[in-house]
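Visitor: attaching a predicted model along with its sequence, questions to come.
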Amino acid sequence: MQKQTALGHGLVNLAAIHHNLSVPELYEHAIRQGEGTIAAGGAFVAVTGQHTGRSPKDKYIVRDSVTESSVNWGDVNVPVSEAVFDMVHQRMLAYLQGRPAYVVDVFAGADPEFRLPVRVVTEQAWHNLFARNMFIRPSPEDLVGFAPEMTILQAPGLVAMPEFDGLRTSTFVLVNFKKRLVLIGGTSYAGEIKKSVFGYLNYILPDRGVLPMHCSANIGRNGKSAVFFGLSGTGKTTLSADGSRTLIGDDEHGWSSRGIFNFEGGCYAKVIKLSSQAEPEIWETTRRFGTVLENVVLEPATRIADLDDGRLTENTRACYPLDFIANASATGMADHPDTVIMLTADAFGVLPPISRLSPEQAMYHFLSGYTARVAGTEKGLGSEPQATFSTCFGAPFMPRHPTVYAKMLGERIAQNKVKCWLVNTGWSGGAYGVGERIRIAHTRAMVRAALDGNLSDSSMQQDGHFGLHVPEGVPDVPTDVLHAKRTWTDGKAYDEAARQVAKRFEANFQQFEGHVGADIKAAGIHAAA
């Protein structure tokens, strides 16, 4: 007879169950098993092999009676049958027999009314440390009778058989909302665990009246909070980790009728070329015991982390508990925000560094979710920037139709009279390769002015290509920096580049025109002929 475990989901005959180990214990297991290295200062360093980022094309959602009419099926939300899920599930259960399992019980959601109990079962100790850092750690009292409402089984050593399973590759992330179960295999990249929980919340929370958001958030001394929407590389983590404000969280939040709350208990920051001067709070975490560093190169003799070395990947990461940031919120909750900032990293160098958005423009840019990727940040990118439109600033994680989330955001902006801004942290004076990245000190000054309310009533000049309202002055920022065209030596070249980006906006938004009102269409970008 098979030896059953208390973990559920068919897990049997495990060699050992290491349940809710402490950080030192997880270090000991990981080092003993050769899973990584300890860096100078104490951070644990793991190398994830061929997968140094997510594999979005290998994520599938089970199509069944629960999801048939509620998931926005397509290139992002790819369906898989219940039979395929069950087959891979059985293979994973067989693979895990005779092996030790590392189990951590955590919460997703700082607001007790909406929190999700999650159990993460991993093949290796360091992934369990990652999950322990990343999510909200229950108190000893919370762990008594802990009943998970979502379970993740993660086994990097188990690969799919595409010719047999009907999956695309040997890597898989399979989500089953009916069974409340996620299976991850064929990849060691820890971000798959984090984003699986986020995607799950993005599916269940709208029905509970909560808007899930791919954003960072913080609170000013006046008690007013702000949210920062943005894709990877736009500065979401950096700009929210401001020593003058209290950090709520750096990546995922919910907005309910009570206010906003962090989904997580940790941060997962990009650390390539991280500066101790410009980003001291995050930099310090890379030198601390308990932090997990992914694909960061160490000096062989000293084990000092070289954050400038991108030989393994440009997507180097640090995962650390939120309380490693000195000014982090103890509750992870705040009142309704009075400011929404949408971040983009425009590698074409044509968008203004800051502009005020009307509520209708905010809806347009939220649905657009624009940024631009450049060579070195992602495999397969050439030398020219590539425009990316990721609706709601997080399309890969949104199981429902984008307008579900956009409608909820629009209602909250209107109800709370929220001021909205578009901030470009990308290039100035030309496109990537010609211009330069906008100085972070200037971006911080612009963001602080917006958050303090100093820009709300200032004079604005409307941009001729995008219809955006640009402040005529911002404290501590040279005036010419505020107007993208003035930073180019060739005005005609700027106009042509701006027209091309405007056309990309226009073409992308056609998919939403049948779902939005005339006011949002009118507020959108209309490329000049």
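Guide: Now that the structure is in, tell me what you want to look at. Residues are numbered from 1 along each chain as shown.
Visitor: what sits against Arg132?
Guide: Applying CB atoms under 8 Å, 6 or more residues apart in numbering, we find Arg132 in contact with Val23, Leu26, Val104, Val106. Just so you know, the C-beta spots here come from the backbone N, C-alpha and C atoms, and that holds for glycine as well.
Visitor: could you measure Asn128 against Pro385, distance?
Guide: Applying CB to CB, to the nearest Å, the value for Asn128 to Pro385 is 38 Å.
Visitor: buried stuff in the host helix or strand of Val227?
Guide: Following DSSP states H and E, one finds Val227 within strand 225-229. Residues Ser225, Ala226, Val227, Phe228, Phe229 are the ones in strand 225-229 that count as buried (16 or more other CB atoms under 10 Å).
Visitor: repeat for stretch 412-432
Guide: With burial defined by 16+ other CB under 10 Å, the residues of stretch 412-432 counted as buried are 412-413, 418-432.
Visitor: flag the shaky bits of this protein, pLDDT-wise.
Guide: 1-5, 375-383, 528-529 (pLDDT under 70).
Visitor: which parts of the stretch 101-250 of the chain are helices?
Guide: Secondary structure of the stretch 101-250 of the chain (DSSP state H, counting those that start in this stretch): helices at 125-134, 140-143, 162-165, 191-204, 236-240.
Visitor: using CSV, write out every CA atom in the third one.
Guide: Meaning helix 162-165. Extracted in CSV, the C-alpha atoms of helix 162-165 (Å, rounded to 0.1, in the frame of the first residue of the first chain):
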residue,chain,number,x,y,z
PRO,A,162,5.9,17.2,-26.3
GLU,A,163,5.2,14.4,-28.9
PHE,A,164,3.3,12.5,-26.3
ASP,A,165,1.6,15.3,-24.2
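Visitor: does anything pack onto that helix? Which helices or strands?
Guide: For helix 162-165, the packing partners by 3 or more CB pairs under 8 Å, 6 or more residues apart in numbering; DSSP states H and E come out as helix 82-96.
Visitor: I'd like to know which elements the helix it packs on is packed against.
Guide: In terms of contacts (3+ CB pairs under 8 Å, 6+ apart), helix 82-96 is packed against strand 150-155, helix 162-165, strand 172-176, strand 181-185.
Visitor: with mean neighbour count added, can I get those in CSV?
Guide: As requested, the helices and strands packed on helix 82-96 are exported to CSV (neighbours: other CB atoms under 10 Å):
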stretch, mean neighbour count
strand 150-155, 24
helix 162-165, 12
strand 172-176, 25
strand 181-185, 25
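Visitor: quick one: closest of the ones you listed to Pro396.
Guide: Comparison of these against Pro396 by CB to CB identifies strand 172-176 as nearest, at 10.6 Å.
Visitor: sorry, back to before: give me the contact list for the strand holding Val227.
Guide: Residues outside strand 225-229 that contact it (CB under 8 Å, 6+ apart) are 213-220, 235-236, 239-240, 248, 253, 255, 259-260, 334-343, 366, 369, 393, 451.
Visitor: re the thing from before, tell me which of Asn128 and Pro385 has more neighbours.
Guide: Shown here are Asn128 and Pro385; by other CB atoms under 10 Å, Asn128 has more neighbours (27 against 23).
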